[in-house]
Structures are given as C-alpha cells and as structure tokens.
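S.K.: Need the 3D shape of this:
(one chain, ligands or ions: 2)
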Amino acid sequence: MAASVDGQRERGAARVVVVIPAYNEAPTIARVVAGCRAHADAVLVVDDGSRDATSAEAERAGARVHRLARNRGKGWALREGIELAADADVLVFIDADGQDDPDEIPLLLRALAPGVDMVIGSRFIGTFEPGAITMINRLGSHALCGVLNALFRTRVTDPFAGFRAIRRAALERCSIRAERYDIEVDVLLALLQVPGGGRVVEIPVRRSPREHGASGLDSVVDGTRILCRILDRRLDAPRAWLGWGR
Ligand SMILES: Nc1nc2c(ncn2[C@@H]2O[C@H](COP(=O)(O)OP(=O)(O)O)[C@@H](O)[C@H]2O)c(=O)[nH]1
Ligand SMILES: [Mg+2]
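M.R.: Ligands and ions are numbered 1, 2, ... in the order given. Coordinates of the predicted model:
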C-alpha cells in the first residue's frame, strides 16, 4: 500500500501512477520499476526507441510499457505518459537510471498536502552523492536557477529535478510544450502561470551517481534549451496582454 496523499490512500481514493521516461536503461529499469511498484498503484514506462532491452526488462518487472518506434526526447516521453495516465489522481515522475530512490516516493506523497499542486524532490537542499553531478552541471544549474528566480520572483532551489509528484488536476490546467530536458522547468513554470498560481513545495532528496552508460544531457545544448524555455515562458504574460496567444 502506498503512502498517504491527503489521507486518501487509506480510503483507496487517490490513485498514484509513476511515470518513468526510459531510454536505453536496461541495466537499471527493472529495479527502479520494482521499487516504484511498492509505493504506487501502477507504473508506466515510456520507451521511445531504446536499442537495448529496456521495454522487456520493464515489462518483466511489472510495468505497463508504452513503446514509441523512434526517439523523441525525455519531454516528449513524459507528455505521452501524462496522456496515458489519465486515470491517475497523482503522478510521480522518476528517472529510470537509478539516480533517484523510489523509497523516497512516500516522502513526496506525504508533502503533497491539501492545497499543494506539486512536490519537487530537490537535490540541492538534499544530497548529491559523490559523482552524482558534474561541476559544469552544478554551476549551470545554479546560474539557470538564478535567472529563473529573478525573472519569476520565486525561490526555487531545483527547478530541473525530474523526481516529483504532481496532481493530475493541476497538470490538466497546464499546457506543456517541452520535448527534451527542458520538460521539468516547463512543467514548473506552466504550473506557476495558471490563473491563481499553482502551489509548489520542495523537499530534500538524495541523488546517486549513474550506474551505467552516460547521461544524454549535453550541458551546452540542453542548458541553452532550458534558458530559452525559461525566457519563452517569461514572455507568456506580455504575449497574453498583447493578445498574442500561443
Ligand atoms: N523516454 C525517454 N527517456 C529519456 C530520454 N532522454 C533521457 N531520458 C530519461 O530521462 C532520465 C534522465 O536522463 P539522463 O540522461 O540520465 O539525464 P540526467 O540524469 O539529467 O543527467 C533517464 O531516466 C533517461 O532514461 C529520451 O529521449 N526518451
Ligand atoms: Mg541520469
């Protein structure tokens, strides 16, 4: 039985679905899926064109797998997952490479108190284990986070964290555009921009190093894409004011 969401889990009312974007993660996906199943009602893996046994391993571990023929990016995969998890009350996003700990899912769910729309598992108020982040990514994250907080007058510590819990009702009020590693910041800013403003909280989590392969994130290309996404979102208000809806 999963952790409580507003005390609803005990009443069986809040359905928690974990959505995992996975690309060439065969060595770790089964363990991540198994870990998530202990804390959720269902686990959905979105695999867009992996060349290894990611889908088979995920299925073997008990996940529902949505397979796309060609690679479209982490953001695209998560957006497909959100569409498919239409029966969820709460969605949890977690990476497939074992860097996030599924046993911390109950902490996210517990922090999703009444009135809270999204809980971000912040690595910056939590812990990076040795080797879990490169110096360039740490510096880039701080710089981009500073830009975001200045432009949106927020005090977020980890807008790029993929490990989070979000209410489906809140997601339904957002229009998400990102296709790659700009997805996390896009979801956050879309949520903050809904009329009345979504309520977001952060809790500390632990981030482990990657156990196999390499990150697909290119610090320069994806850092630039994230910056463009932040600026694009910042222009939404003046665009709306001028009647230039998107
Ligand atoms: N489905 C899908 N998942 C992706 C894609 N790119 C990255 N991911 C997943 O997103 C998560 C984070 O990716 P990773 O490259 O490790 O980025 P980092 O942890 O931010 O360095 C992992 O679960 C990846 O398998 C993609 O193109 N498609
Ligand atoms: Mg990773």
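S.K.: Helices of the protein, residue ranges please.
M.R.: Using DSSP state H, the helices of the chain run over residues 8-11, 26-37, 54-60, 74-84, 105-111, 135-152, 168-172, 183-193, 219-234, 236-242.
S.K.: Which of the ones you listed has the highest mean neighbour count?
M.R.: helix 183-193 (a mean of 23; mean count of other CB atoms under 10 Å). Quick note: C-beta positions are derived from backbone N, CA and C, even for glycine.
S.K.: which residues sit against that helix?
M.R.: Helix 183-193 has contacts (CB atoms under 8 Å, 6 or more residues apart in numbering) with 74-75, 78-79, 117-118, 120, 144, 148, 152, 154, 156, 159-162, 164, 166, 170-171, 173-178, 198, 200, 226, 229-230, 233, 236-237.
S.K.: Give me the subset of those residues that also touch ligand 1.
M.R.: Among the contacts of helix 183-193, proximity to ligand 1 is found for 74, 162 (CB under 6 Å from any ligand atom).
S.K.: about what we covered before: who wins for proximity to V92 among the helices of the chain?
M.R.: helix 105-111 (5.7 Å; CB to CB).
S.K.: Just give the strands next to the lengthiest strand in the chain in its sheet, each with its orientation.
M.R.: Within the chain, and with DSSP state E defining each element, the longest strand by residue count is strand 118-128. Here strand 118-128 is paired, per DSSP bridges, with strand 164-167 (antiparallel), strand 200-207 (parallel).
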